[in-house]
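Asks: fold the following and give me the result.
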Amino acid sequence: MTDETGIDIEPGASTAEANAVPGWFWVAAVAVLLWEAVGCFMYVSQVTTDPATLPLDQRAMWAATPAWMIGAYAVAVWVGLIGAVLLLMRRRLAAPVLLVSLIAVVVQFSALALVPQLRETTSSDMLAVPIFIIIAGYIIWQFAKLSSKRGWLR
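Replies: Residues are numbered from 1 along each chain as shown. This is a model prediction of the structure:
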């Protein structure tokens, strides 16, 4: 048997029982909140750092970083934090908000390919971090979409 959203439910189970939020949802939602909070902390740390205190290689990266990359970083982390809070509040708006955050992450890290000075100062070993962050953002967005589809978000 399926409910009005097309989700399979057990015979005799009510829609409310079928849409009951599993315990792992809360664990995942708190993990998303912590991930986004760490991103916000890293952003604040970066924008408040005095470039003169950095080693020469990091100072070169700092100088090559375009303002639009830092702006996309701000959108990615702060909108992501809002999306994580909406997820914990079980609001459907979490999925589109987290999609905006994911798009901002992709825009942010596109600078590594688009800005020659930044590309030259970034080692290939450092490229694993942006790839991991993009994958994590995609998984978070998919989790929010699944939660909405399953009726866990209102």
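Asks: where's Gly39 relative to Ala60, distance?
Replies: Distance, Gly39 to Ala60, by CB to CB, to the nearest Å: 24 Å. Backbone N, C-alpha and C define where each C-beta goes, glycine included.
Asks: looking at the chain, which helix or strand does the model trust least?
Replies: Using mean pLDDT, DSSP states H and E, the weakest-scoring helix or strand in the chain turns out to be helix 15-18, at a mean of 54.
Asks: which stretches of the chain aren't confidently modelled?
Replies: Within the chain, the stretches with pLDDT under 70 are 1-19.
Asks: ranges for the helices of it?
Replies: 15-18, 23-48, 56-64, 67-88, 94-114, 116-121, 128-149 (DSSP state H).
Asks: okay, those helices in JSON lines with mean neighbour count next?
Replies: Output for these, formatted as JSON lines (neighbours: other CB atoms under 10 Å):
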{"stretch": "helix 15-18", "mean neighbour count": "12"}
{"stretch": "helix 23-48", "mean neighbour count": "14"}
{"stretch": "helix 56-64", "mean neighbour count": "14"}
{"stretch": "helix 67-88", "mean neighbour count": "19"}
{"stretch": "helix 94-114", "mean neighbour count": "19"}
{"stretch": "helix 116-121", "mean neighbour count": "14"}
{"stretch": "helix 128-149", "mean neighbour count": "16"}
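Asks: skip the chain neighbours and tell me the closest residue to the residue nearest the centre of the chain.
Replies: In the chain, the residue lying closest to the centroid (CA atoms, centre = their mean) is Gly137, at 3.8 Å. Excluding its sequence neighbours, the residue lying closest to Gly137 (CB to CB, 6 or more residues apart in numbering) is Leu102, at 4.2 Å.
Asks: who are the contact partners of the one you found?
Replies: Ala76, Ile134, Gly137, Tyr138, Ile140, Trp141 (CB atoms under 8 Å, 6 or more residues apart in numbering).
Asks: the residue nearest to the centre of the chain and Ala52, how far apart?
Replies: 32 Å.
Asks: where does the residue nearest to Arg90 when sequence neighbours are not counted fall, phi/psi-wise?
Replies: Spatial nearest neighbour of Arg90, chain neighbours left out: Leu153 (5.1 Å); criterion: CB to CB, 6+ apart. Per-residue torsions, Leu153: phi -110, psi 140 (degrees, to the nearest 10).
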